[in-house]
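Undergrad: Test case, fold it:
(2 chains)
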There are 2 protein chains.
Amino acid sequence: MSDLTFTLRPIGVVQTPYQDIQNMPIQPKGAAGVRGKLVVHPEYMEGLVDLDGFSHIYLIYLFHQVREMQLTVTPFLDKASHGVFATRAPKRPNPIGLSAVRLIKMTDNVLELENVDMLDGTPILDIKPYVPAFDEQEDVRVGWLEKNGDKVRTKRSDKRFG
Amino acid sequence: MSDLTFTLRPIGVVQTPYQDIQNMPIQPKGAAGVRGKLVVHPEYMEGLVDLDGFSHIYLIYLFHQVREMQLTVTPFLDKASHGVFATRAPKRPNPIGLSAVRLIKMTDNVLELENVDMLDGTPILDIKPYVPAFDEQEDVRVGWLEKNGDKVRTKRSDKRFG
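TA: Numbering: from 1, shown residues only, chains lettered A, B, ... in the order given. Next up, the predicted model:
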């Protein structure tokens, strides 16, 4: 079963101010107000109809500069190491990222975004509407992030996952 | 750029009560209390360390029974059609699903889950901790779902995306 593989093709690419993995925001909450653009390949434009009714969208994307996985990581928000699935670090078995960003405006196949925390040129696999009635959870515990989760607004990346 | 493809390999498989795409819950909120198991391939077990501190996890997975995409869909929660990216329907250009589920218990490489809305046998690509400080948004507008979003708790699937 581990040998079953699937091939995915990006539906578009984001343009952001971040050319380098160092000194980046580490989540959209650390990128408040940072603008970017998602240019969707024109062949998928029909799939965008009515997306502009939503203020926030999930982007599912590839950490395209990641070349290896690391099952144990010391994330930016802690000094201790954790299993990679207990973190949002990029060197994952499948290097897939998830960010909820603000959709400011949509013109044809170009989405103007805010709160972008991705590298410039990141290939996007999917867009989904963010819907609190679907997505927000109650009675949440956040393990090792209890102490440090709020630092996400100010903490920056370094080279460790390059 | 559209021709660039990426190959991903599942990290595990979920076991759920749903053998058929008909009469399924259409989101985790419609699957409240429904139990399932995620069996992670043993080679990735080290990546699970400390995940059990989190009450909720995102699963990113493949809609493995989807064989084609559909750029315009009429979703279960509406009578009108919308672009597929403005919905959570499965026939997407990249058939990737996203569900936040409750993590009840973790024993070695087996995760006991609640609120599972996936088909039995769904291949899992990634697990990420759900962290309100990262993931919850403010001042949210939900477009065509303003009217019908709450029906997600009771509405069931039919055959339309089979």
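Undergrad: so the lengthiest strand in chain A versus strand B:96-107, what angle?
TA: Ranked by residue count, the top strand of chain A under DSSP state E comes out as strand A:96-107. With axes from the mean of the first three to the mean of the last three CA atoms, to 10 degrees applied, the angle from strand A:96-107 to strand B:96-107 works out at 150 degrees.
Undergrad: low-confidence ranges in chain A?
TA: Applying pLDDT under 70 to chain A flags the ranges A:1-3.
Undergrad: rerun that using 80 as the cut-off
TA: Within chain A, the segments meeting pLDDT under 80 span A:1-4, A:148-150, A:162.
Undergrad: any chance you could map the strands in it?
TA: Secondary structure of chain A, counting by DSSP E: strands at A:6-8, A:12-15, A:35-40, A:56-62, A:72-73, A:82-83, A:96-107, A:110-114, A:123-129.
Undergrad: What's opposite the nearest residue to A:Leu98 once chain neighbours are set aside in the beta bridge?
TA: Distances taken as CB to CB, 6 or more residues apart in numbering or on different chains place A:Ile60 nearest to A:Leu98, at 5.8 Å, with adjacent residues excluded. To be clear about C-beta, it is placed using only N, CA and C from the backbone, and glycine gets the same treatment. Taking DSSP bridges as the rule, A:Ile60 bridges to A:Leu98, A:Asp126.
Undergrad: how about A:Ile60, what does it touch?
TA: A:96-98, A:124-128, B:60, B:94, B:96, B:98 (CB atoms under 8 Å, 6 or more residues apart in numbering or on different chains).
Undergrad: switch to 10 Å and redo it
TA: Neighbouring residues of A:Ile60 by CB atoms under 10 Å, 6 or more residues apart in numbering or on different chains: A:8, A:11, A:96-99, A:124-128, B:60, B:92, B:94, B:96-98, B:125-126.
Undergrad: ditto for A:Asp135
TA: A:56, A:58, A:100, A:128-129, B:27-29, B:58, B:88, B:98-100, B:130, B:135-137, B:140.
Undergrad: try 8 Å
TA: Listed by CB under 8 Å, 6+ apart, the contact set of A:Asp135 reads B:100, B:135.
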